[in-house]
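>>> this one's sequence-less:
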């Protein structure tokens, strides 16, 4: 018997006369839902570890360890309170694993899953009455809040939603007006980091027998998955979650605002809190983190910047994902979709197919909109092959080592360069989904399809978030370590102008693109020819898995 099973068995109370709940892998909190208010001695919970779920994509080993170790520790925490725990390990979908349990125990209650993929899997059990849905209390806002905040049909904009939530909750409000006179202080949060104040040292977390056992499981059964497993950096207990949040409050939030957009080779996270993976598992509750932040003595720009991420953007993208059925139903019709999950370029990098064990009624692989009609495969550089661009190589390295990089490196390095190369938005989305420990369909698809690649057009963002070399040089220290000189021969600026030239017609009616398009018109015919040549050469070199060098661009 495993250490976990042995401990769970010792803690297991009498299981008779219980009302049973199914608790999904990302609802690991007893501070919300029925677990927060019903007598523990009257409750039982069902927890499922599904190898089918893990095998659907080549998920980062750290992500698998994060989910499994937190789920097992949550099981022990609940058993110690007197709650009966049924822990199931299966290689089938969740619905298949739960059906015989429902036949034995009767119907299960469940808070509505955050992930569409899980909702689709369990829909037959919901329809038959085997699962009774109750509201998911981990969200700060409701669908009604979303509809009222927008007061219009799409395109949707986060700002209107965020302002409505601030007014409704009173967070950072002085009467009817926002604290400081404006709702967003984003314009104050754009300083580059020059080494001071010193970046916080990332915390580590104590080892224990359960976490070590999960580590062995990952090494034995999931070693074919990519990424580095680092148990020292893995928060898995209730105490670990609080340790990380205390660290974030003490070490990060004071300087989070001014340096929110900064990037550095000396610190992968700078003053970002690194709590997103635990929030998405509900080991930390979003609203409690917001409440804590409101009471702290912090500069308003830092306080508001953090709160906007949590009750603004995070809630907004979830509502948009639900409202569009994961972007399968858009205002102008249904985009193409993938029948099976994509591997994010794993096959081209590894040289063999990622095998999926398929079952009847499996969820599909996701919507594949592409407003700009981009279809280029994701280059092997995103899987760790050296690209020659220091900024890209630096961020990719951090992702495969940690399953993490902060949101500006995701947007302005990874998504920016992929978009400038006309990479398929769906393939980039799948890559983000497998590579990051905090990625689930409701958050990764809006962030990459909607914001990072402009694949949804103006559905939820007003412009494509692309840039040339000057932005990267201004907001990071990457350029000083690169083979390319940012002022002389860095090809990223030419990639930017070539991108605008190829897609100018699609941006013609976009008011926020008028200035860059006007500047594009001033570029000489010779310069635009060099832009296009650079784009073709860089794309060709990267797709071949080779390194871009100044010499290769001159030949």
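Perfect, I can see it now. Everything numeric in this text was worked out from a predicted model, so none of it was measured.
>>> now do the SS call for residue 133.
strand (DSSP: H, G, I helix; E, B strand; the rest coil).
>>> what does residue 381 give?
helix.
>>> can you offset everything so residue one is 611?
Got it, first residue is 611 now, which makes that one residue 991.
>>> so where's the chain shaky on pLDDT?
760-762, 1165 (pLDDT under 70).
>>> and the strands in it?
In the chain, the strands defined using DSSP state E lie at 629-632, 653-660, 694-700, 718-721, 741-744, 783-784, 787-788, 947-948, 976-977.
>>> dump the ones you listed to JSON lines, plus mean neighbour count and distance to residue 759.
C-betas here are computed from N, CA, C, even on glycine. Formatted as JSON lines, the strands of the chain follow (neighbours: other C-beta atoms under 10 Å; distance: least, C-beta to C-beta, whole Å):
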{"stretch": "strand 629-632", "mean neighbour count": "22", "distance to residue 759": "31"}
{"stretch": "strand 653-660", "mean neighbour count": "21", "distance to residue 759": "34"}
{"stretch": "strand 694-700", "mean neighbour count": "18", "distance to residue 759": "39"}
{"stretch": "strand 718-721", "mean neighbour count": "22", "distance to residue 759": "23"}
{"stretch": "strand 741-744", "mean neighbour count": "15", "distance to residue 759": "24"}
{"stretch": "strand 783-784", "mean neighbour count": "12", "distance to residue 759": "15"}
{"stretch": "strand 787-788", "mean neighbour count": "15", "distance to residue 759": "15"}
{"stretch": "strand 947-948", "mean neighbour count": "14", "distance to residue 759": "28"}
{"stretch": "strand 976-977", "mean neighbour count": "24", "distance to residue 759": "24"}
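>>> out of those strands, which gets nearest to residue 930?
Nearest to residue 930, of all these, is strand 976-977, at 12.4 Å by C-beta to C-beta.
>>> any chance of the strands of the chain in TSV with distance to residue 773 as columns?
Formatted as TSV, the strands of the chain follow (distance: least, C-beta to C-beta, whole Å):
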stretch	distance to residue 773
strand 629-632	36
strand 653-660	38
strand 694-700	43
strand 718-721	28
strand 741-744	30
strand 783-784	10
strand 787-788	8
strand 947-948	34
strand 976-977	29
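>>> show me the one of those that comes nearest residue 865.
Closest among those, once you apply C-beta to C-beta, is strand 787-788, at 22.1 Å.
>>> parallel or antiparallel, list what pairs with the closest one.
strand 783-784 (antiparallel) (DSSP bridges).
>>> which non-adjacent residue is nearest the spatially most central residue of the chain?
What sits nearest the mean C-alpha location of the chain, by C-alpha atoms, centre = their mean, is residue 1049, with 3.4 Å. Leaving aside its chain neighbours, residue 1049 sits nearest to residue 1043 (4.8 Å; criterion: C-beta to C-beta, 6 or more residues apart in numbering).
>>> can you get me a residue count around the one you found?
The tally of other residues near residue 1043 (other C-beta atoms under 10 Å) stands at 25.
>>> ok, now which ones touch residue 973?
Residue 973 makes contact with 726-727, 730-731 under the criterion C-beta atoms under 8 Å, 6 or more residues apart in numbering.
>>> residue 870 too?
Applying C-beta under 8 Å, 6+ apart, the residues contacting residue 870 are 799-800, 881-882, 915, 1018.
>>> got phi/psi on it?
With angles defined as degrees, to the nearest 10, residue 870 sits at phi -60, psi -30.
>>> the stretch 811-960 of the chain: helices as residue ranges?
819-831, 848-857, 863-866, 886-891, 896-905, 910-917, 925-933, 956-960 (DSSP state H, counting those that start in this stretch).
>>> so can I have a markdown table of those showing distance to residue 787 and mean neighbour count?
As requested, the helices of the stretch 811-960 of the chain are arranged in a markdown table below (distance: least, C-beta to C-beta, whole Å; neighbours: other C-beta atoms under 10 Å):
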| stretch | distance to residue 787 | mean neighbour count |
| --- | --- | --- |
| helix 819-831 | 48 | 17 |
| helix 848-857 | 30 | 18 |
| helix 863-866 | 24 | 21 |
| helix 886-891 | 29 | 23 |
| helix 896-905 | 16 | 16 |
| helix 910-917 | 13 | 23 |
| helix 925-933 | 22 | 21 |
| helix 956-960 | 51 | 17 |
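>>> would TSV of those helices with distance to residue 809 be doable?
TSV is the format used below for the helices of the stretch 811-960 of the chain (distance: least, C-beta to C-beta, whole Å):
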stretch	distance to residue 809
helix 819-831	26
helix 848-857	13
helix 863-866	9
helix 886-891	18
helix 896-905	20
helix 910-917	15
helix 925-933	28
helix 956-960	31
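>>> wait, which of the ones you listed is closest to residue 639?
Here helix 886-891 is closest among the helices of the stretch 811-960 of the chain (C-beta to C-beta), at 8.4 Å.
>>> the closest one - contacts with which helices or strands?
Other helices and strands packing on helix 886-891, by 3 or more C-beta pairs under 8 Å, 6 or more residues apart in numbering; DSSP states H and E, are helix 671-690, helix 848-857.
>>> okay, domains of this protein per the record?
613-744, 756-922, 947-958+973-1164 (automatic domain parsing).
>>> could you dump those domains to CSV with distance to residue 940?
Compiled in CSV, the domains of the chain are given as follows (distance: least, C-beta to C-beta, whole Å):
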stretch, distance to residue 940
domain 613-744, 15
domain 756-922, 8
domain 947-958+973-1164, 7
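>>> contacting residues for the residue nearest to residue 1049?
667, 954, 1049-1051, 1054.
>>> same question for residue 819.
Residue 819 touches residue 613, counting by C-beta under 8 Å, 6+ apart.
>>> distance check, it against residue 825.
11 Å (C-beta to C-beta, to the nearest Å).
>>> just residue 641 next, same as before
28 Å.
>>> and for residue 678?
10 Å.
>>> swap in residue 680?
14 Å.
>>> before we move on, what about residue 618?
For residue 618 relative to residue 825 (C-beta to C-beta), the value is 18 Å.
>>> how about residue 867?
Residue 867 is 36 Å from residue 825, by C-beta to C-beta.
>>> same thing with residue 744?
Counting by C-beta to C-beta, the gap from residue 744 to residue 825 is 34 Å.
>>> follow-up on the earlier one: dump the helices and strands packed on helix 886-891 to JSON lines, plus distance to residue 922.
Formatted as JSON lines, the helices and strands packed on helix 886-891 follow (distance: least, C-beta to C-beta, whole Å):
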{"stretch": "helix 671-690", "distance to residue 922": "25"}
{"stretch": "helix 848-857", "distance to residue 922": "19"}
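>>> out of those, which is closest to residue 1135?
Using C-beta to C-beta, the nearest of those to residue 1135 is helix 671-690, at 48.2 Å.
>>> output the contacting helices and strands for the closest one.
Helix 671-690 packs on helix 613-621, strand 653-660, strand 694-700, helix 819-831, helix 886-891, going by 3+ C-beta pairs under 8 Å, 6+ apart.
>>> tell me the angle of the longest one relative to strand 653-660?
Just to be clear, that refers to helix 819-831. 30 degrees (axes from the mean of the first three to the mean of the last three C-alpha atoms, to 10 degrees).
>>> cool, the third one as well?
Using the same axes, to 10 degrees, one finds that strand 694-700 and strand 653-660 are set 10 degrees apart in direction.
>>> would you list the strands that strand 694-700 pairs with, along with their directions?
For strand 694-700, pairing defined by DSSP bridges yields strand 653-660 (parallel).
>>> identify the residues contacting the strand it pairs with?
With C-beta under 8 Å, 6+ apart, strand 653-660 has contacts from 625, 628-633, 635, 644-645, 678, 681, 684-685, 688, 693-704, 707-708, 711, 715, 718.
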